[in-house]
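A.B. asks: Quick one, structure for this:
(chains A and B)
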Amino acid sequence: MAVTRKDITTDPAVRDKYVDGVLRLKREVNAQSGLSTYDALVVWHVRAMMTMTPPSQGSRNAAHRGPVFLPWHRYMLITYEQQLQRILGDDTFGLPYWSWNRDGDLPAAQQTQAPIWAADTMGGSGDPVTTGPFANPNDDPDKFVVRVETNSMGQLVAANRGLARTLAGDIATLPTTAQTRGALDLDTYDEPDWGVDSASTARNVIEGWQPDPPGLHNRVHVWIGGDMAPASSPNDPVFFLNHCNVDRLWAAWQRKHPDASYLPGDNAPASLKFHRFSDKLFSVFPNAPKVSDMINVADIYDYDAFADVL
Amino acid sequence: MKRKEAAAYASSAPLLKSVARLPKIAHSMRGMHDKSVRTFTHKGYKISITTMYEVRVDGRLVHLPLMVSEDGHVQSHAIPNYSETSAVDIVKTIVDQFPDDFEKKPRRRRRGGQHGGHAQRHHN
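C.D. replies: Reported below is the predicted structural model:
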């Protein structure tokens, strides 16, 4: 039976399970490297980010800045949700989302005080973060430790420090519900040149490259800052709450435009490998589903609400 | 995709085994990836503009993955969600986000803090 994904700020039981699951995945460590199951998701994201598609250019990669942005992250979230279910011993657990668009409707000064940043949820701002379940101001190895990150060249490097956030430090406000609804009004999924320049496609506007970057998904990363800024952004457990809301927006868009197709199709050139409808998704594992496998996932999960965005 | 198919993919995804060692990123940020090529047609002419950035910090050449979009925004895979209206601003942001990469005497790695608000100037 499909699980239901809920808003983390409205369901304390789901919230507490999510925090517990994250900490357990962080404690599940490979003895050889000291990296955890959770850290493996960070590494996977970075490797996708640095895999250029096609290799002859430096913009579109195997998970971002192109059509596959939404399906690839849907695949990542499903994988993550399964890991949480396994480690929690609860196959009814649904990954929660954070409806950042609702917080974006608050006055700027209230956005950093929204419930998600409370000590019983994700904790607040700081370098390192000093409140909440992932705080580790004294570099206690038994608490939440960032073990891997990316440098200014996008390369993976080892780390050993607490989580960092600079809420509203680099940009003052989150995306609003009106901006979010505007993206869902667009009836074309994607279009040539399949990159960051189109202002009229749902994928590009949801990803946040148009119309006034950084928007929507990108803006949430920039607004949180700290570990949400580099390619290793899954280091912050909020990464997955952001992307779960992004995935909810795609699901809402699919409901609103039931006749709209994923694009590009299979007749697109080889230079769009990893982005075409029947292409395998980029993975570091031997087997990976196809883009087309991510279009209908109703057997795996559903969302509890779309009313705020539809 | 069905739930049981997703479970099959998960069982063949050995996450913990995949990080037995820290993978090196094979992708080089040098060469082709330093270039952005914008192509368009204007009054019947096929035009391409190739943009390359050479960035030096205290005289030292640094290889930053920079790119420019059709509308002139400058972006970087180092901070993949940011978009600035100039190369100056994106490089300032990178320097602020990765202070250890630019220090003359490297110390223990730390995360960069907020960077003086130049993103705010453009986007608020």
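A.B. asks: CA only for contacts and neighbour counts going forward, please
C.D. replies: OK.
A.B. asks: State the three-state secondary structure for residue B:46.
C.D. replies: Look at residue B:46: counting by DSSP: H, G, I helix; E, B strand; the rest coil, its state is strand.
A.B. asks: ok, it touching residue B:40?
C.D. replies: Yes. Using C-alpha atoms under 8 Å, residue B:46 makes contact with residue B:40 at a distance of 6.0 Å.
A.B. asks: show me where chain B has helices.
C.D. replies: B:3-11, B:15-18, B:87-97, B:99-102, B:118-123 (DSSP state H).
A.B. asks: Could you do the stretch 101-250 of chain A as well?
C.D. replies: For the stretch 101-250 of chain A, the helices defined by DSSP state H, counting those that start in this stretch occupy A:108-111, A:177-185, A:202-207, A:216-224, A:238-256.
A.B. asks: what's the nearest residue to the residue positioned nearest the centre of chain B if we skip its chain neighbours?
C.D. replies: Geometric centre of chain B, nearest residue: residue B:77, 1.7 Å, by C-alpha atoms, centre = their mean. Nearest residue to residue B:77, sequence neighbours excluded (C-alpha to C-alpha, 6 or more residues apart in numbering or on different chains): residue B:65, at 5.8 Å.
A.B. asks: so how many other residues sit close to the one you found?
C.D. replies: 23 (other C-alpha atoms under 10 Å in any protein chain shown).
A.B. asks: which regions of the chain sit below the pLDDT cut-off?
C.D. replies: If you meant another chain, say so; for now it's chain A. Chain A contains no residues with pLDDT under 70.
A.B. asks: looking at chain B here, not the other one
C.D. replies: Ranges of chain B meeting pLDDT under 70: B:25-34, B:105-124.
A.B. asks: Now do the contacts for the closest residue to residue B:85 other than its chain neighbours.
C.D. replies: Closest residue in space to residue B:85, ignoring its immediate chain neighbours: residue B:73 at 4.8 Å, by C-alpha to C-alpha, 6+ apart. Residue B:73 is in contact with B:83, B:84, B:85, B:86, counting by C-alpha atoms under 8 Å, 6 or more residues apart in numbering or on different chains.
A.B. asks: So which residues on the stretch 1-150 of chain A come close to chain B?
C.D. replies: By C-alpha under 8 Å from any C-alpha of the partner chain, the part of the stretch 1-150 of chain A that sits against chain B consists of A:1-2, A:28-33, A:35-37, A:39-41, A:43, A:47, A:49-52, A:56-59, A:78-79, A:82, A:127, A:150.
A.B. asks: repeat that for 7 Å
C.D. replies: A:30, A:32-33, A:35-37, A:40, A:47, A:50-51, A:56-59, A:79 (C-alpha under 7 Å from any C-alpha of the partner chain).
A.B. asks: center of chain A, which residue is that?
C.D. replies: Taking C-alpha atoms, centre = their mean as the criterion, residue A:243 is the residue nearest the geometric centre of chain A, at 2.8 Å.
A.B. asks: That one and residue A:106: what is the separation?
C.D. replies: 21 Å (C-alpha to C-alpha, to the nearest Å).
A.B. asks: One more: residue A:100?
C.D. replies: 10 Å.
A.B. asks: More neighbours: which of these two?
C.D. replies: Neighbour count, other C-alpha under 10 Å: between residue A:100 and residue A:106, residue A:100 has more, with 23 against 16.
A.B. asks: For the residue of chain A positioned farthest from its centre, what are phi and psi?
C.D. replies: Going by C-alpha atoms, centre = their mean, the residue of chain A most distant from its centre is residue A:267, 28.9 Å out. As for residue A:267, its main-chain torsions (degrees, to the nearest 10) stand at phi -90, psi 0.
A.B. asks: What distance do you get for it to chain B?
C.D. replies: Taking C-alpha to the nearest C-alpha, to the nearest Å as the measure, residue A:267 falls 22 Å from chain B.
A.B. asks: for residue A:209, same thing?
C.D. replies: Distance from residue A:209 to chain B, by C-alpha to the nearest C-alpha: 8 Å.
A.B. asks: one step back: any chance of the helices of the stretch 101-250 of chain A in TSV, plus distance to residue A:170?
C.D. replies: TSV is the format used below for the helices of the stretch 101-250 of chain A (distance: least, C-alpha to C-alpha, whole Å):
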stretch	distance to residue A:170
helix A:108-111	13
helix A:177-185	19
helix A:202-207	18
helix A:216-224	6
helix A:238-256	17
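A.B. asks: between the ones you listed, which one is nearest to residue A:275?
C.D. replies: Nearest to residue A:275 among these is helix A:202-207 (12.2 Å), distances taken as C-alpha to C-alpha.
A.B. asks: Next, see if that closest one gets close to chain B.
C.D. replies: No. Helix A:202-207 is not in contact with chain B by C-alpha under 7 Å from any C-alpha; minimum separation 8.9 Å.
A.B. asks: buried ones in that helix?
C.D. replies: Neighbour-count burial for helix A:202-207 flags A:202, A:203, A:204, A:205, A:206, A:207 (criterion: 16 or more other C-alpha atoms under 10 Å in any protein chain shown).
A.B. asks: what's in contact with it?
C.D. replies: A:67, A:183-184, A:186-190, A:196, A:198-199, A:210-211, A:216-218 (C-alpha atoms under 7 Å, 6 or more residues apart in numbering or on different chains).
A.B. asks: Sweet, I'm off.
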